[in-house]
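Chemist: pasting the sequence and the predicted coordinates here, then a few questions.
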Amino acid sequence: LGISFLITYAFKYFGPFLRVIFGYAVCCALFFFGVNLEKKEKFIYFGRVLLGGAWALTYFTTYAMYHFEASKIISSQSWELLLLAIVAGGMIRYSLHYKSEVLTAIAFFVGYLTSTLGDINYFTLISSSLLSGALIFLVYRLQWTRLIFLGIALTYLTHLAWVIKHIAFSSVPVGLLNVENIYFLLDAGFLSIYWLLFAVAVHAIKDQAQEAKLSAANFANFSFYFLMVFPKLYVFYPAQKFIFVLGMGAIYLIFSGLCELAGRRKLFISNIVIAIALLTMAVPLKFIPYHTTIIWFIELPFLLFIGLAFRRPVHRYLSFALALVLFYKFLFVDSYGSADLVVFNKRISWFELLSFTGAISMAISYGLYWLWKKKSELGKELSLGNFFSGFAVFYLTRFLWVFSHNRWLTFNIFAEALLVLICGALLLDKYLRFYSLAVLFIAAFEFCFVDNYYASSEVFQTFLIVSKLVFAFSYYAIYRILR
């Protein structure tokens with residue numbers, strides 16, 4: 001880096017040609033000392049560091065021949081790109097010869113960093129893509145896993161600390177867009193190159209022993225990219241946020257399919273988790289909150305069915321995670337809305353519709369778990385089915401609470417408690433029977449302390465009271481029969 005600054009900004013008595021000659025002379029000196037020290041066992045790593053620096057400086061000096069006024073001696077971008085390609089080819093050749101991750105990491109990282117010392121423009125993206133393509137080839141050819149982790153950490157952090165700030169000081173043609181949009185596109189362009197580089201590298205390595213590490217690298221690459229691009233996209237191009245998230249989800253869905261075909265289970269899990277999370281997240285970016293909840297309620301049993309039918313635990317756990325998200329959204333987001341809609345010429349509130357849809361969705365999910373409960377591969381996951389049945393009872397109780405007229409509320413809650421108990425008895429499910437007790441307690445409390453019958457006729461009062469008592473004693477009778 002010191003030599004790079006020296007070539008670019010120092011030697012005010014040197015002309016551009018002499019600066020370039022000086023740069024290449026330093027490269028030759030580094031190559032000479034690096035090769036000789038690398039032959040000695042005591043200095044092998046020091047020599048390789050010098051060789052890596054030599055290649056990085058060769059790349060920078062070639063880059064400076066066009067991009068820096070102080071050292072500009074060629075005026076054709078095509079010739080510049082050809083020379084950079086030749087240097088990148090030399091870096092690949094030496095990396096294959098030495099098979100040293102240290103040498104390669106230094107060469108490519110410093111080569112990338114020095115190429116961003118001057119103005120950052122569209123050609124900088126092209127040259128960075130050239131380095132990225134060379135690095136992908138090396139990772140695939142030599143199956144280097146550590147280089148991916150080092151690359152993800154250094155590349156994204158360097159971009160965050162250095163490149164973003166440097167973009168803001170670069171002069172680029174604006175055209176029909178404003179300067180901020182151009183800077184965002186350059187920023188997103190660099191980040192997209194990084195993301196594509198590491199995504200391809202992760203999937204290009206076929207070492208089964210490294211699957212867990214590759215999955216972690218896959219998550220890290222996606223997280224850095226998404227968190228650094230999406231917030232800015234939301235500001236500069238809000239109309240494209242849905243397409244971006246949906247497209248990313250589709251790409252990772254394709255990755256997951258390829259990994260499944262290749263039998264790469266852990267990498268498949270990381271891809272499918274990212275894909276489903278993105279596809280689910282895309283829904284609220286396109287639809288209003290109420291529609292989002294409905295769509296998620298419909299998505300949940302389908303996701304669970306795939307997990308059960310195709311024996312994929314990750315889908316089953318994702319469906320449970322979605323159920324928890326829906327529960328939180330229902331309680332703390334949707335509960336505060338007051339909008340109405342018309343269904344079959346009857347005006348109902350969105351909250352009533354969401355409660356009813358939630359009860360149906362969770363009941364179907366519980367039914368799927370019950371049908372598959374004899375499958376040995378489920379194991380401890382069977383307990384998740386009890387959560388789904390609990391959610392179903394909760395949503396049904398909430399629906400009856402907001403939908404029923406005050407006079408019929410306790411009647412309906414008693415009927416629900418009896419219905420849940422019967423289902424628990426027939427399905428031999430102790431958790432359902434416990435949930436029915438909780439509902440019965442709510443109904444009994446309403447019956448004893450809240451119900452008011454004075455506004456009704458005596459006949460109707462008698463009917464309501466007797467029917468509720470019949471429900472209660474029927475409940476007791478069923479428990480006696482069950483013993």
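Modeler: Arrived safely. Numbering: from 1, shown residues only.
Chemist: the residue most central in space within the chain in helix, strand or coil?
Modeler: Centroid-nearest residue in the chain: I274, 4.2 Å away (criterion: CA atoms, centre = their mean). Under DSSP: H, G, I helix; E, B strand; the rest coil, the three-state class of I274 is helix.
Chemist: count of residues packed around the closest residue to it other than its chain neighbours?
Modeler: Nearest residue to I274 in three dimensions, chain neighbours excluded: Y252, at 4.6 Å (CB to CB, 6 or more residues apart in numbering). Where C-beta positions appear, they are placed from N, C-alpha and C, glycine not excepted. By other CB atoms under 10 Å, 23 other residues sit near Y252.
Chemist: kindly report the same for L191.
Modeler: 22.
Chemist: what's the next secondary structure element after whatever helix or strand P231 lives in?
Modeler: For P231, the host element (DSSP states H and E) is helix 211-236. Once the chain leaves helix 211-236, the next helix or strand it forms, by DSSP H and E, is helix 241-261.
Chemist: relative to helix 211-236, how tilted is that next one?
Modeler: Here helix 241-261 runs at an angle of 170 degrees relative to helix 211-236 (axes from the mean of the first three to the mean of the last three CA atoms, to 10 degrees).
Chemist: residues of helix 241-261 that come out buried?
Modeler: By 16 or more other CB atoms under 10 Å, the buried positions in helix 241-261 come out as 241-242, 244-246, 248-249, 251-253, 255-256, 259-260.
Chemist: work out for me the element the closest residue to A168 other than its chain neighbours sits within.
Modeler: In space, A168 comes closest to Y183 once its chain neighbours are excluded; the distance is 6.2 Å by CB to CB, 6+ apart. In this structure, Y183 sits in helix 179-204 according to DSSP H and E.
Chemist: by contact count, what packs against that helix?
Modeler: Judged by 3 or more CB pairs under 8 Å, 6 or more residues apart in numbering; DSSP states H and E, helix 179-204 is in contact with helix 122-142, helix 146-158, helix 164-168, helix 211-236, helix 241-261.
Chemist: ramachandran angles for D340?
Modeler: phi -120, psi 160 (degrees, to the nearest 10).
Chemist: ok, it - contacts?
Modeler: Taking CB atoms under 8 Å, 6 or more residues apart in numbering as the contact definition, D340 lies against 347-350.
Chemist: surely R347 forms part of a strand?
Modeler: Yes. Remark: R347 belongs to a strand, assigned using three-state DSSP.
Chemist: distance of it relative to A339?
Modeler: Here the criterion is CB to CB, to the nearest Å. By it, R347 lies 11 Å from A339.
Chemist: with adjacent residues omitted, what lies nearest to K430?
Modeler: In space, K430 is closest to G424, 7.1 Å off (CB to CB, 6+ apart).
Chemist: for the strand or helix carrying the one you found, packing partners?
Modeler: Element membership for G424 (DSSP H and E) is helix 406-426. The helices and strands touching helix 406-426, judged by 3+ CB pairs under 8 Å, 6+ apart, are helix 382-403, helix 430-449, helix 458-482.
Chemist: any stretches of this structure with poor pLDDT?
Modeler: 7-13, 106-107, 110-123, 125, 169-177, 337-338, 342-345, 374-380, 382, 455-456 (pLDDT under 70).
Chemist: name the residues that touch the host helix or strand of L285?
Modeler: Here L285 sits within helix 265-286, counting by DSSP H and E. Helix 265-286 is contacted from outside by 202-203, 211-212, 214-216, 218-219, 222, 241-242, 245-246, 248-250, 252-253, 255-256, 259-260, 292, 295-296, 299, 303, 312, 314-315, 318, 322, using CB under 8 Å, 6+ apart.
Chemist: send me that helix as CSV with only the CA atoms.
Modeler: Once non-C-alpha atoms are left out, helix 265-286 reads as follows in CSV (Å, rounded to 0.1, in the frame of the first residue of the first chain):
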residue,chain,number,x,y,z
ARG,A,265,-27.6,-31.8,2.9
LYS,A,266,-26.2,-29.1,5.1
LEU,A,267,-25.7,-26.6,2.3
PHE,A,268,-29.3,-27.4,1.2
ILE,A,269,-30.6,-26.6,4.6
SER,A,270,-28.8,-23.2,4.7
ASN,A,271,-30.1,-22.3,1.2
ILE,A,272,-33.7,-23.4,1.9
VAL,A,273,-33.8,-21.5,5.2
ILE,A,274,-32.7,-18.3,3.4
ALA,A,275,-35.0,-18.9,0.4
ILE,A,276,-38.1,-19.4,2.5
ALA,A,277,-37.3,-16.5,4.8
LEU,A,278,-36.9,-14.2,1.8
LEU,A,279,-40.1,-15.4,0.0
THR,A,280,-42.0,-15.0,3.3
MET,A,281,-40.5,-11.6,3.8
ALA,A,282,-41.5,-10.5,0.3
VAL,A,283,-45.2,-10.8,1.1
PRO,A,284,-45.5,-7.8,3.4
LEU,A,285,-43.5,-5.7,0.9
LYS,A,286,-46.3,-6.1,-1.6
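Chemist: got the angle for the next helix-or-strand element following it vs helix 382-403?
Modeler: Sequence order places helix 289-309 as the next helix or strand after helix 265-286, per DSSP H and E. For helix 289-309 against helix 382-403, the angle by the same axes, to 10 degrees is 150 degrees.
Chemist: burial measure for I442, as a count.
Modeler: By the measure other CB under 10 Å, the count of residues near I442 is 16.
Chemist: that one against I413, yeah?
Modeler: Yes. Using CB atoms under 8 Å, I442 makes contact with I413 at a distance of 5.9 Å.
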